[in-house]
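Colleague: Give me coordinates for this.
(one chain, ligands or ions: 1)
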Amino acid sequence: MKLEGIHHITAITADAQSNVDFYAGTMGLRLVKKTVNQDNPTVYHLFFADEKGSAGSDLTFFEFPGVPPGRAGAGDVHRIVWRVASVAALDFWEERLAANGIETERAGGGLRFADPEGLAHELAVVEVADEPLIADHPEVPADHALRGFHAVCAYSGAPDASHSLLEALEFESLGEETWEARGANRGGLYVYEQPPEERSLQGAGSVHHVAWASTLDEHEQWRDRAISAGANPTPVIDRFYFRSIYFREPSGVLFEIATLGPGFTVDEPLEHLGEKLSLPPDFEHMRAEVEPNLRPVVNPRTVSAG
Ligand code: ZN
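Modeller: Sure thing, here's the model as predicted:
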């Protein structure tokens with residue numbers, strides 16, 4: 001039994017429209033679901049991914065309008081690493097990001113930058129057999145597109161404290177505080193780095209949690225494994241698009257284990273993902289209440305496609 005890499009990463013934005021402009025516009029991802037935060041249905045939960053809404057490429061945001069910027073510290077995921085196919089893709093992104101007013105830096109063979117709210121990203125040329133998870137964007141050639149997540153980097157001053165839990169979850173140590181969750185189809189890395197001295201402050205641009213992918217069949221067993229290693233997971237929560245458990249790993253990072261399926265096509269067809277406000281059945285009765293309070297967002301991809 002192995003986890004199938006990263007399922008999704010959830011972060012916080014202060015402004016849904018500029019968030020959609022950046023991720024569905026500049027970064028070329030597809031807005032695959034526009035829904036509400038199920039723990040606070042007065043705010044958006046936006047999901048960006050590849051064309052099919054695949055786990056492994058799914059970056060999601062809670063919108064807390066006007067929340068001040070956060071600051072990553074110990075116990076936070078502070079950088080998201082994406083796969084790209086080639087050095088030519090790094091060149092493409094260096095130019096495209098500059099044209100959109102985003103500063104970049106070449107580091108460790110990759111390209112680093114932050115989104116307009118300070119959420120750090122790195123594009124890395126990674127050769128793996130995993131299926132590339134690509135969105136179609138009119139301005140981003142498929143050869144250069146993001147191909148899904150490679151890693152998340154977290155700050156921890158005492159990563160040793162997390163080793164036994166990671167081992168119970170079948171992460172494999174690759175040395176230098178780099179761990180891999182690799183299943184039959186997909187893998188993803190979890191990397192610890194030394195934290196800055198300043199304390200963590202959650203806000204715009206902060207990562208809220210990272211979810212690792214499980215098959216539907218094995219999900220309950222992962223919960224048992226987490227308990228056996230001393231974690232305190234929630235019961236299985238039905239998020240409608242997938243099922244989830246949550247627990248903090250010893251470094252302080254909030255982990256989720258989410259199922260591969262049912263997926264985003266459970267309530268809208270693939271060709272129309274993310275166009276309307278989707279409310280899971282348990283929330284549908286609140287539509288008249290919540291929809292008028294959510295500021296409408298314009299999807300740049302829909303606009304540019306006419
Ligand atoms: Zn999640």
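Colleague: L277 contacts P41, doesn't it?
Modeller: No. Contact between L277 and P41 fails when scored by CB atoms under 8 Å: they sit 10.9 Å apart. The C-beta positions use only the backbone N, C-alpha and C, and glycine is treated the same way.
Colleague: Neighbour count for those two, which is higher?
Modeller: Comparing L277 with P41 by other CB atoms under 10 Å, the one with more neighbours is P41, at 20 against 16.
Colleague: In a strand, that one, correct?
Modeller: Yes. Under DSSP: H, G, I helix; E, B strand; the rest coil, P41 falls within a strand.
Colleague: helix or strand for the residue in the stretch 51-200 of the chain that the ion sits nearest to, which one?
Modeller: Closest to the ion within the stretch 51-200 of the chain is T60: 6.5 Å, counting by CB to the ion. If you go by DSSP states H and E, T60 is part of strand 58-63.
Colleague: helices or strands next to that strand in the packing?
Modeller: Secondary-structure packing of strand 58-63 (3 or more CB pairs under 8 Å, 6 or more residues apart in numbering; DSSP states H and E): strand 6-13, helix 16-20, strand 40-49.
Colleague: Sheet partners, orientation included, of the first one?
Modeller: So the one you mean is strand 6-13. With DSSP bridges as the test, strand 6-13 is paired with strand 58-63 (parallel), strand 207-214 (antiparallel).
Colleague: Using PDB, write down the CA coordinates of the last one.
Modeller: The one in question is strand 207-214. C-alpha atoms of strand 207-214 as PDB (Å, rounded to 0.1, in the frame of the first residue of the first chain):
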ATOM      1  CA  VAL A 207      -0.400  27.200   2.100                       C
ATOM      2  CA  HIS A 208      -3.200  25.800   4.300                       C
ATOM      3  CA  HIS A 209      -2.600  22.100   3.800                       C
ATOM      4  CA  VAL A 210      -1.200  19.400   1.400                       C
ATOM      5  CA  ALA A 211      -3.200  16.400   0.500                       C
ATOM      6  CA  TRP A 212      -1.700  13.000  -0.400                       C
ATOM      7  CA  ALA A 213      -3.600  10.700  -2.800                       C
ATOM      8  CA  SER A 214      -5.100   7.300  -1.800                       C
END
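Colleague: what does that strand contact?
Modeller: For strand 207-214, the external contacting residues (CB atoms under 8 Å, 6 or more residues apart in numbering) are 3-12, 55-56, 62, 72, 76-78, 80, 119, 152, 169, 181, 183, 186, 188, 190, 202, 222, 244, 246, 253-260.
Colleague: relative orientation of the helix or strand just after that strand and strand 207-214 in degrees?
Modeller: Scanning forward in sequence from strand 207-214 by DSSP H and E, the next helix or strand is helix 219-228. Per axes from the mean of the first three to the mean of the last three CA atoms, to 10 degrees, the angle that helix 219-228 makes with strand 207-214 is 120 degrees.
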